[in-house]
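Student: let's see this in three dimensions:
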Amino acid sequence: MPPSPSEHAGVFTGLHPEPVWRHFSTLCRIPRPSKAEGPLRDFLLDWARARALEAQVDGAGNLIVRKPASAGYESAPGIVLQAHLDMVCQANAGTLHDFSRDPIRPERQDGWLVAPHTTLGADNGIGVALILATLEERSLRHGPLEALLTVDEEAGMGGAQGLSQDLLQGRRMLNLDTEDWGEFYLGCAGGLDINVSRPGQPVPRPADHDAWSITLTGLRGGHSGVDIHEERGNAIKLLVRVLKALETPLGLRLSHLSGGTARNALPREAQATILVPRQRGPQLEARLKEWQSILIEGLEGVDPALRLTAQPAGADTLLSALEQAVWLDSLQAAPHGVKRWSRHLPGVVETSNNLGMIRLTPDGGQCNFMVRSLSEDGSQALADEILSLFALSGTQAEATGHYPGWTPNPDSPLLALCQSVFLRDFGGASAVKVIHAGLECGLIHAKYPDMDIVSFGPTIRGAHAPGERVDIQSVGKAWRLLTAILAEQIAPG
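Tutor: Sure thing, here's the model as predicted:
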């Protein structure tokens, strides 16, 4: 059972539509990190069966719930409603929050629901809540419904990867995992991961060196696909640049380096433990102050709150000179950000990558790059560049977790229906977009090639970063649109 609703007393009071917010409140109370969605899924499985809905968990751990057509809609096309159960777990430095057990603590601020110090999980919890409200509400008009609530989307799309090809009956699908109200999405990037690892050769700390902890904080972070074009700072890349710059003048030696906590989030913070000769320690603070100014100037208008700080630390061992050179040179040279803009879709990123996580100690290290592209050749070419870079030093690097993109179909009958309903009910034209993020639509369409898919959702900002927020009014609009589309499938007999 989820924690008591009193945890959120007042936060959701008076929000409409009430069923959607009630379900989202439940999602805030039940932890749901990627690969640990079991408690939430089991709760929802029991919830569905208690309402006499057919429900099952497939071999990949996804939850499928079916609701019969309402009276007069038995011959309507079957619709799949799809969202993912997991969320990206990010918290500000100094925020004590255990995502494996602590509830999300949202607040209302100027028309938004926000988690000030952690991710909110509106991505994709609002989509899940919209689906649950649809399954629950008996007054809605609709054809046969299937809810596909997947697992592990944020950490590799494992649920969609493992979806069988004979499970779903509907051949129209509404994915509810995009973040700009008034836009329908018809395509998305595919991608893969590059996992890099290398054993270490620890050496003892020189007796005449002092240890310092250098921390880079204050960056905005964000979604590594949706926000990559804004050129927000990458804490790992920036800190590596500083370390390289101080290496020769201060005789800097490296003991530890860490940064980022999610492969698909722009890293907001990074920390290094270094050693410098005792007589050069007093120069460190002045050098960091200079570099803080340089980095802030380079990120003007994007990440003005960047901070570089140092304090005494402890370290008994450090990387060998060779290992330090391999790691810092490789990370400095490694690509990050937009590689290429689409020639066919103005203003849309075609290919990018995110250096999302690193953990480096004297005993060895690992880092991750997440490559995205609207083009299969584009993602493979960029992956080959990264693999070749690390091959130069004999460092192990492996491409894993490939998932296909979702190719747009501008002649989609479902899109035409969605646009018609939007124009009628909201009095304006909607936009059709392609998103530079990995939706599960590409994987699902690869397994169900005749599936007609459209994605939409309410307005969400700051996904994958603390301070994530969702526009309250747009959630009500998304509910109106969803229920109107379902009712429009056929005219009642």
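
Student: tell me which residues of the helix or strand containing residue 48 come out buried.
Tutor: Secondary structure from DSSP states H and E places residue 48 in helix 38-50. Along helix 38-50, these residues count as buried under the neighbour rule (16 or more other Cβ atoms under 10 Å): 40-41, 43-45, 47-48. For the C-beta atoms, the positions are set from N, CA and C on the backbone; glycine is no exception.

Student: same question, stretch 269-283
Tutor: 269-276, 280-281.

Student: the stretch 201-350 of the chain: strands as residue ranges?
Tutor: 203-204, 209-217, 222-223, 253-259, 265-266, 270-277, 307-312, 317-318, 337-341, 349-361 (DSSP state E, counting those that start in this stretch).

Student: wait, which of those strands is closest to residue 180?
Tutor: strand 222-223 (12.3 Å; Cβ to Cβ).

Student: which neighbours does the closest one have in its sheet, and in what orientation?
Tutor: Partner strands for strand 222-223, per DSSP bridges, with pairing direction: strand 265-266 (antiparallel).

Student: which residues touch the partner strand?
Tutor: 88, 90, 219-224, 227-228, 232-234, 354, 356, 464-465 (Cβ atoms under 8 Å, 6 or more residues apart in numbering).

Student: show the buried residues in the residues you listed.
Tutor: Buried among the contacts of strand 265-266 by 16+ other Cβ under 10 Å: 88, 90, 219-224, 227-228, 232-234, 354, 356, 464-465.

Student: burial count for residue 169?
Tutor: Residues lying near residue 169 (other Cβ atoms under 10 Å) number 11.

Student: quick check: it touching residue 145?
Tutor: No. Distance between residue 169 and residue 145: 10.2 Å, which falls outside the contact criterion (Cβ atoms under 8 Å).

Student: which SSE is residue 59 in?
Tutor: Counting by DSSP H and E, residue 59 is found in no helix or strand.

Student: tell me the one of the buried residues of helix 38-50 nearest residue 32?
Tutor: Looking across those and measuring by Cβ to Cβ, the closest to residue 32 is residue 40, at 4.7 Å.

Student: on that earlier part again, the buried residues of stretch 269-283: which two are farthest apart?
Tutor: 269 and 280 (25.6 Å).

Student: give me the nearest residue to residue 142, chain neighbours excluded.
Tutor: residue 486 (3.9 Å; Cβ to Cβ, 6 or more residues apart in numbering).

Student: which other helices and strands does the one helix or strand the one you found maps to contact?
Tutor: Assigned by DSSP H and E, residue 486 belongs to helix 472-487. Identification of packing neighbours for helix 472-487 by 3 or more Cβ pairs under 8 Å, 6 or more residues apart in numbering; DSSP states H and E yields helix 18-29, helix 122-136, helix 413-426.

Student: which strands and helices sit next to the longest one?
Tutor: Same thing as helix 122-136. helix 18-29, helix 38-50, strand 63-67, strand 79-84, strand 145-150, strand 460-461, strand 469-471, helix 472-487.

Student: mind putting those into CSV with mean pLDDT and distance to residue 240?
Tutor: CSV is the format used below for those (pLDDT from 0 to 100; distance: least, Cβ to Cβ, whole Å):
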stretch, mean pLDDT, distance to residue 240
helix 18-29, 98, 36
helix 38-50, 98, 37
strand 63-67, 98, 41
strand 79-84, 98, 32
strand 145-150, 98, 35
strand 460-461, 96, 29
strand 469-471, 98, 31
helix 472-487, 98, 39
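
Student: for the ones you listed, give me a markdown table that also has distance to residue 361.
Tutor: Converted to a markdown table, the helices and strands packed on helix 122-136 look like this (distance: least, Cβ to Cβ, whole Å):
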| stretch | distance to residue 361 |
| --- | --- |
| helix 18-29 | 35 |
| helix 38-50 | 31 |
| strand 63-67 | 39 |
| strand 79-84 | 33 |
| strand 145-150 | 35 |
| strand 460-461 | 36 |
| strand 469-471 | 36 |
| helix 472-487 | 44 |
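
Student: out of the ones you listed, nearest to residue 158?
Tutor: strand 145-150 (8.4 Å).
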